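Colleague: this is a predicted model, with the sequence first.
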There are 2 protein chains.
Amino acid sequence: MSNTKVLPLLEADGRGVTPCCPPLTERPMTAEEAETAARMFKALGDPVRLRLFSAVASHEGGEACVCDISDVGVSQPTVSHHLKKLKEAGLLTSERRGTWVYYRVEPSVLAAMGKLLALPAAA
Amino acid sequence: MSNTKVLPLLEADGRGVTPCCPPLTERPMTAEEAETAARMFKALGDPVRLRLFSAVASHEGGEACVCDISDVGVSQPTVSHHLKKLKEAGLLTSERRGTWVYYRVEPSVLAAMGKLLALPAAA
DNA sequence: CGCCTGGTTCGACGTGTGTCAACATAGACG
DNA sequence: CGTCTATGTTGACACACGTCGAACCAGGCG
């Protein structure tokens, strides 16, 4: 099944990240840019998703089994639901290895979001 | 009235920003940290709010009159509603000067969110 | 093959959220 | 003081979203 369709939030080609939009402070975002960027923010706008994302991102090797991170206070189907949302937002990728499913962060997305919030002076 | 209660997202004391939480990649966030940080992300998780925020942030002097930024495709009450949300999230502050109301970004919040997304290697 | 464990999908339900029209408030200006 | 412009507030409504239990797929193992 591949990856449920990952949004074209940004072009991640290894190291050189091409962000979807300029920094928020550079100029007013267009409607299209805002639509794109808001998807990422919205994906992280839920406490459970944020914990799941952080758990994956901070896990050794940048990846984690669902069984390792599903202790966030909600039922297991809900965990799966949120992981799917994060995957659809392009923040995570999943891979099945035998019995377990591993989730991995997309580092380029983190970098792009960081640039979005970069201060002009602190750049 | 004053500022509708600004959330204690972080302690902004001029230059030294004390972020609410460690970088997402450092360790799994606690439920409390996630709750706090998710509020900020959620506030930016709407395209209209993101455009409004970007319009204010990119405006000269870091502040903008409502009349300057209310051209985002929704009705005026909706604009006011979103600006209120951004204010409640601690991302904007408002000030009435005569006839017009000016909104201003809270730069420390931007910095804190940037740190939240900072990559450990790219730090 | 049958079953058990790990994970996802489905269906349903309650709450939250974005939106607008209508009304209310704050200054400016005559 | 009355009125006009600029914003904010209220009430209502439709839709999206988070959550769960139950049913369903995928591998491993006896």
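Modeller: Arrived safely. Keep in mind the model is a prediction, meaning the values are calculated, not measured.

Colleague: use CA for all of it now, contacts and neighbours both
Modeller: Noted.

Colleague: tell me how many other residues crowd the spatially closest residue to A:Glu26 that is not a sequence neighbour.
Modeller: With C-alpha to C-alpha, 6 or more residues apart in numbering or on different chains as the measure, B:Ser58 is the residue that lies nearest to A:Glu26, at 5.2 Å, once sequence neighbours are left out. B:Ser58 has 21 neighbours, counted by other C-alpha atoms under 10 Å in any protein chain shown.

Colleague: what sits against B:Ser58?
Modeller: Neighbouring residues of B:Ser58 by C-alpha atoms under 8 Å, 6 or more residues apart in numbering or on different chains: A:24-28.

Colleague: leaving out sequence neighbours, find the closest residue to A:Tyr103.
Modeller: A:Ser94 (4.4 Å).

Colleague: ok, now how distant is the one you found from chain B?
Modeller: 18 Å (C-alpha to the nearest C-alpha, to the nearest Å).

Colleague: element containing that residue, please.
Modeller: strand A:92-97 (DSSP states H and E).

Colleague: can you list contacts of that strand?
Modeller: Contacts of strand A:92-97 (C-alpha under 8 Å, 6+ apart): A:3, A:53, A:83, A:86-87, A:101-106.

Colleague: and the spatially closest residue to A:Trp100 that is not a sequence neighbour, its phi and psi?
Modeller: Leaving out its chain neighbours, the residue that sits closest to A:Trp100 by C-alpha to C-alpha, 6+ apart is A:Cys65, at 6.5 Å. Backbone dihedrals for A:Cys65, given as degrees, to the nearest 10, come out at phi -80, psi 150.

Colleague: residue boundaries of the helices in chain A?
Modeller: A:31-43, A:47-58, A:66-69, A:76-88, A:107-116 (DSSP state H).

Colleague: wait, does the second one contact DNA strand C?
Modeller: No - for helix A:47-58, no contact with DNA strand C is found by C-alpha under 7 Å from any atom of the strand; the gap never falls below 11.3 Å.

Colleague: enumerate the residues of chain A near DNA strand C.
Modeller: Counting by C-alpha under 7 Å from any atom of the strand, chain A sits next to DNA strand C at A:65-67, A:76-81, A:83-84, A:94, A:99-102.
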